[in-house]
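Chemist: sequence first, predicted coordinates after that:
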Amino acid sequence: MNILTIETTCDETAAAVVTDQLAVLGSSVASQDELHRPFGGVVPEIASRAHVERILPVIDATLAQAGLKPSQLDAVAVAHTPGLAGSLLVGLSAAKALAIALRIPLIAIDHLQAHVYACRLAAGREVFPCIGLIVSGGHTSLYRCLSPLDFTLLGGTIDDAAGEAFDKVAALMGLPYPGGPAIEAAARSGNPRAFSFPRPFLSDRSRLEFSFSGLKTAVRYQIQPPGEPARTEPLAAEYVADLAASFQEAVIDCLAAKSLAAISESGLRRLCVGGGVAANRALRRRLEAECAGRDIELHIPPPALCTDNAVMGAIAVEQLKAGRFASLELDAFPAARR
Ligand code: KG4
Ligand code: ZN
C-alpha cells in the first residue's frame, strides 16, 4: 500500500510517500526560512500563503520521485495538530481534496507523535515503550509513549519552547533565523562557562517542567544591561561565541536533566528524541554520554528527520493497522492535545 503524507504545521511544506512496510518511496521538503528571515521568526500569514503556493508542486515532486501516479495512492494522511491554524488548514484542504477525488481514506496525524515516530523509522525496529522528548520551535515536552499512538504528557515548558528560545536569542545576538543552527555554529568557538545563565527547576527533580523565558531575558540583559545606553556597534564575534555557547549549555543542561528524571520516574529504559532542536550536535553528544553511562537506550533520528518533514508521517501506517481513519469533517487543532 502507498500512503501520501502531508506536513504543513509550521513553515515547511512537505510531502512523502511511504508504504505499509515503512519504505520511503519519495520525500520533499520546501523550507520557508528565507521568507521569515527578515522578521527573525515565523510570520503565520506569510507561512500559510507560502503553503498555498507550494503544496501542489511539493506533492507532484514527491509522486514523481516515487514514480507513482495519484491513482496508485491507497490513502492520504495529514498532520492536523498542533501547529499554526492557517498552515494546518492548507495541508488539511489538500489532503481532503485528494481523498475525495481519489476515493481513498483520510488519516489524521498528530505532529508531535510523528516527531517521536521518526525514531522508529531511523532505528528500523520497535522503539516503544519509551520516554519521548520533543524539542521543537513550538514545543518542549516529555511524554510517556506506551505505543506510537498512546502518549501521556509528563511535563513541558511553562513559557517558551527550546527552539523558540534559540530563535529569539539568536535575534538578540544579531544571528540569522532560524536561530538554532546559527547558535550551534557560533557556539563551536565559544566558552560554555563564560556566562552563568539560569537553569530553572534543575535541582528540583520532582518537576518535569522547563522554562526558557528567563534564560532569554538573562542573555538580553547580558548584552544590554538595563539602564545602560543602547549599544550601537554590532557584537564582537568572540563575545557572540561565548554567549551562544553559554546559552546552548544552559538549554542542554535542562533538557538532559529532565529527560533523565522522566526516565527514572517512569522505570522505562528508552529515550526517543524528536523535533528541530534534536538536530543540535552538542545536545546529541550530551544525551549520548548521559544515556551510555546509565544503560539507557537512546534514539535520535538523523537531522533531516528531526526538523519538520513528511517522512515521519509514516506513523499513519500505525493508524491504518489500527483501523483508525478520519472523516472528511476532520478539523485543524492548533494547540497540542494533552
Ligand atoms: O521541529 P521543527 O523543524 O519545527 C517545529 O515543529 O517547530 O523545529 C524548528 C526549531 C527552530 O526553532 C530551530 O531554530 C530549531 O528547531 N533548530 C535547532 C537546530 N536546528 C533547528 N535548534 C538548535 N540547534 C540546531 N542545530
Ligand atoms: Zn515539528
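Modeler: On my side now, so go ahead. Ligands and ions are numbered 1, 2, ... in the order given.
Chemist: CA only for contacts and neighbour counts going forward, please
Modeler: Noted.
Chemist: so what's the closest residue to residue 81 other than its chain neighbours scoring on pLDDT?
Modeler: Nearest residue to residue 81, sequence neighbours excluded (CA to CA, 6 or more residues apart in numbering): residue 333, at 4.8 Å. pLDDT recorded at residue 333 is 97.
Chemist: quick check, residue 48 in contact with residue 91.
Modeler: No: counting by CA atoms under 8 Å, residue 91 is not a contact partner of residue 48; they are 9.6 Å apart.
Chemist: who's more crowded, those two?
Modeler: residue 91 (29 against 24; other CA atoms under 10 Å).
Chemist: so which elements touch the helix or strand containing that one?
Modeler: For residue 91, the host element (DSSP states H and E) is helix 85-102. Helix 85-102 sits against strand 2-7, helix 44-66, strand 75-81, strand 106-110, with contacts defined as 3 or more CA pairs under 8 Å, 6 or more residues apart in numbering; DSSP states H and E.
Chemist: now do the longest one: which elements does it pack against?
Modeler: For helix 44-66, the elements it packs on are strand 12-19, strand 24-31, helix 85-102, judged by 3+ CA pairs under 8 Å, 6+ apart.
Chemist: the longest one vs ligand 1: in contact?
Modeler: No: with CA under 6 Å from any ligand atom as the threshold, helix 85-102 lies outside contact range of ligand 1, at a closest distance of 11.9 Å.
Chemist: for ligand 1, see how far away residue 8 is.
Modeler: 10 Å (CA to the nearest ligand atom, to the nearest Å).
Chemist: contacting residues for residue 40?
Modeler: 167-168, 171, 176-178 (CA atoms under 8 Å, 6 or more residues apart in numbering).
Chemist: nope, residue 316 is what I was after
Modeler: By CA under 8 Å, 6+ apart, the contact list for residue 316 reads 5, 77, 107-109.
Chemist: biggest helix in this structure by residues?
Modeler: helix 237-266 (DSSP state H).
Chemist: could you list the domains of this protein?
Modeler: Listed by automatic domain parsing, the domain ranges of the chain are 2-115+306-321, 128-303.
Chemist: tell me the pLDDT of the residue lying farthest from the centre of the chain.
Modeler: Within the chain, residue 229 marks the point farthest from the mean C-alpha position, 37.7 Å out by CA atoms, centre = their mean. Looking at residue 229, its pLDDT reads 90.
Chemist: please apply the same query to residue 32.
Modeler: Per the predicted model, pLDDT is 96 at residue 32.
Chemist: list the residues that contact the closest residue to it other than its chain neighbours.
Modeler: Spatially, and ignoring its direct neighbours in sequence, residue 32 is nearest to residue 11 (5.6 Å; CA to CA, 6+ apart). For residue 11, the contact set (CA under 8 Å, 6+ apart) comprises 31-33, 42, 47, 51, 87.
Chemist: between all of these, which two are separated the most?
Modeler: By the measure CA to CA, 33 and 87 form the most distant pair in the contacts of residue 11, at 14.7 Å.
Chemist: in terms of neighbours, single out the busier of the two.
Modeler: residue 87 (28 against 17).
Chemist: tally of neighbours for residue 231?
Modeler: With other CA under 10 Å as criterion, residue 231 counts 10.
Chemist: does it sit in a helix, a strand or a coil?
Modeler: Counting by DSSP: H, G, I helix; E, B strand; the rest coil, the backbone at residue 231 sits in coil.
Chemist: ok, it - contacts?
Modeler: Residue 231 neighbours (CA under 8 Å, 6+ apart): residue 224.
Chemist: of the contacts of residue 11, closest to residue 125?
Modeler: Nearest to residue 125, judged by CA to CA, of those is residue 31 at 29.1 Å.
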